[in-house]
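In: The following comprises the amino acid sequence and a computationally predicted model.
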Amino acid sequence: MSQPIPSLLTMMHELLSEISVSSTSAQWDTGNRRVIDKLAGWLNSLGFQCEIIPLTNRGNKANLIATLGSGPGGLVLAGHTDTVPFNEERWDMNPLALTEQDNKLFGLGSTDMKGFFPIAIEAAKSFLEQPLQQPLIILATADEESSMDGARELAAQGRPKARVAVIGEPTDLKPIRMHKGIMMEAITVVGRAGHSSNPALGNNAMEAMHVVMSDLLAFRAQLQQRYNNPLFDVAVPTLNLGCIHGGDNPNRICGQCELHFDLRALPGMDNSEIRYEIEQRLKPLAAQLNVNISLRSLVKHIQPFEQNPDSELVKYAEQLTGHSAAPVAFATEAPFMQQLGMDTIVMGPGSIDQAHQPNEYMALNQVQPAVDLLRQLIARFCL
């Protein structure tokens, strides 16, 4: 028999109380071990075999693989334990606590996505006395909100292994089988500074960047001619020129300029191939303009995700929810679950509209339906 563990809402409160911010800025970034250790303690008391796997060279961050039962197939219920940074002064309540108000559960990570774990645990409790034919795995990852290094390391390690995976990101309990990829890149142009009174004294990097930007926009138009998926609200790949920095004074020829851009590829496109195309376009521009042009990745690429609409997992999720599996604009760890050989969907309680902002909440009326939905998935793929 399992040892008593806290109630669902108490578990949610305890998880939200542990800060686990993931950020590319060292000022904000923290570890997630206290969240992982708390989850492992609860799951271990329920009879799960728990393995805590620290991230390489980052001892304060770890993944958790908690397994109930054994066998070659089974179901992974996956989520990330980190949150985005937050501004406490913009919250109407304590972000590091669970506040129940107006039939909503407020708190940082309530919907994105610490709140998924107590729901998964509550669903799993119904199967503790039943012999599972295939394993149930609860997977908790690190650093989804910044590098996705937790999921990347798991994919590289080849674990966990199961037949299907459900990632509990907030989708209002509707199945998601597609999303776009992400690549964020920086282009740096180095010219030659000089006195602005005589253009011949230098080579203006900002003017060269103007040519580069025009070429990027032409490339965007070509991509949008080549690729289209009407299932997405934005049916074409996007390329956003996000920020630009260059020069230091009006009376000095700009010697260096840097542009950051974001490209969202559709399923069927490959980030590496797109990046290679961009590199090949930049080379003749550098020669033409007599400047140095370099391209570097700001974050590791996330490939587009697509699950076969005819897979058993998709069909069963559609049957359970009454909703057709759809695409979303945001990215998830789904491509890494697919790398592990699992049919994968994204489906969880809460709305993505509430994520990454003050007063984040999960609607209380989604909690029990989420528990019931996960119970049905466990019964289908583990019994």
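Out: The structure has been received and is ready for your questions. Numbers count the residues shown, from 1 in each chain.
In: how about the closest residue in space to residue 60 that isn't next to it in sequence, what does it touch?
Out: Leaving aside its chain neighbours, residue 60 sits nearest to residue 31 (2.9 Å; criterion: Cβ to Cβ, 6 or more residues apart in numbering). All C-beta atoms are positioned from the backbone trio N, CA, C, and that covers glycine. Neighbour list for residue 31: 20, 58, 60-61 [criterion: Cβ atoms under 8 Å, 6 or more residues apart in numbering].
In: Can you tell me how far residue 31 is from residue 82?
Out: As for residue 31, its distance to residue 82 is 9 Å (criterion: Cβ to Cβ, to the nearest Å).
In: Can you tell me the number of residues neighbouring residue 381?
Out: Counted by other Cβ atoms under 10 Å, the residues lying close to residue 381 total 25.
In: mind pulling up the phi and psi values for the closest residue to it other than its chain neighbours?
Out: Distances taken as Cβ to Cβ, 6+ apart place residue 75 nearest to residue 381, at 4.1 Å, with adjacent residues excluded. With angles defined as degrees, to the nearest 10, residue 75 sits at phi -130, psi 130.
In: My guess is residue 75 contacts residue 376. True?
Out: No - with contact defined as Cβ atoms under 8 Å, residue 75 does not reach residue 376; the gap is 11.0 Å.
In: Between the two, which has more neighbouring residues?
Out: Remark: of residue 75 and residue 376, residue 75 carries more neighbours, 26 against 14, as counted by other Cβ under 10 Å.
In: Which pLDDT value belongs to the more buried one?
Out: As summarised for this prediction, residue 75 has a pLDDT of 98.
In: next one: residue 142
Out: pLDDT, residue 142: 98.
In: In contact with it, which residues?
Out: Contacts of residue 142 (Cβ under 8 Å, 6+ apart): 22, 32, 36, 55, 61-63, 80-82, 149-150.
In: Can you pick out the most distant pair from those?
Out: 36 and 149 (14.3 Å; Cβ to Cβ).
In: more neighbours, these two?
Out: The residue with more neighbours, out of residue 36 and residue 149, is residue 36; 24 against 19, by other Cβ under 10 Å.
In: Quick check on that one: phi, psi?
Out: Main-chain dihedrals, residue 36, degrees, to the nearest 10: phi -60, psi -50.
In: Low-confidence stretches in the protein?
Out: By pLDDT under 70, the low-scoring segments of the chain are 1-3.
In: Show me the domain layout of it.
Out: Listed by automatic domain parsing, the domain ranges of the chain are 8-179+304-382, 183-297.
In: Pick the most deeply packed of these.
Out: Comparing those on average neighbours per residue, with mean count of other Cβ atoms under 10 Å, the densest one is domain 8-179+304-382 at a mean of 20.
In: which residues does the nearest residue to residue 131 once chain neighbours are set aside contact?
Out: With sequence-adjacent residues excluded and distances taken as Cβ to Cβ, 6+ apart, residue 131 is closest to residue 69, at 7.7 Å. Residues near residue 69 by Cβ under 8 Å, 6+ apart: 131-136, 382.
In: Endpoints of stretch 193-205, how far apart?
Out: For stretch 193-205, the first-to-last residue distance is 8 Å (Cα to Cα, to the nearest Å).
In: nope, stretch 166-186 is what I was after
Out: 34 Å.
In: before we move on, what about stretch 331-351?
Out: Taking Cα to Cα, stretch 331-351 runs 14 Å from one end to the other.
In: Which strand runs longest in the protein?
Out: Counting by DSSP state E, the longest strand found in the chain is strand 58-68.
In: just checking, what packs against it?
Out: Judged by 3 or more Cβ pairs under 8 Å, 6 or more residues apart in numbering; DSSP states H and E, strand 58-68 is in contact with helix 33-45, strand 49-55, strand 136-141, helix 149-157.
In: if we go to 7 Å?
Out: helix 33-45, strand 49-55, strand 136-141 (3 or more Cβ pairs under 7 Å, 6 or more residues apart in numbering; DSSP states H and E).
In: give the contact list for the residue nearest to residue 290 when sequence neighbours are not counted.
Out: In space, and not counting its chain neighbours, residue 290 is closest to residue 203: 6.1 Å by Cβ to Cβ, 6+ apart. Residue 203 makes contact with 191-192, 290-291, according to Cβ atoms under 7 Å, 6 or more residues apart in numbering.
In: If I follow the layout properly, residue 150 ends up in contact with residue 55?
Out: Yes - Residue 150 sits in contact with residue 55 when judged by Cβ atoms under 7 Å, with a separation of 6.4 Å.
In: re earlier: measure the residue nearest to residue 290 to residue 378 for me?
Out: 64 Å.
In: again, but for residue 363
Out: Noted for residue 363: a distance of 23 Å to residue 378, by Cβ to Cβ.
In: quick one on the thing from earlier: switch the contacts of residue 203 over to JSON lines; also include secondary structure and distance to residue 359.
Out: Formatted as JSON lines, the contacts of residue 203 follow (DSSP: H, G, I helix; E, B strand; the rest coil; distance: Cβ to Cβ, whole Å):
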{"residue": "191", "secondary structure": "coil", "distance to residue 359": "47"}
{"residue": "192", "secondary structure": "strand", "distance to residue 359": "51"}
{"residue": "290", "secondary structure": "coil", "distance to residue 359": "53"}
{"residue": "291", "secondary structure": "coil", "distance to residue 359": "47"}
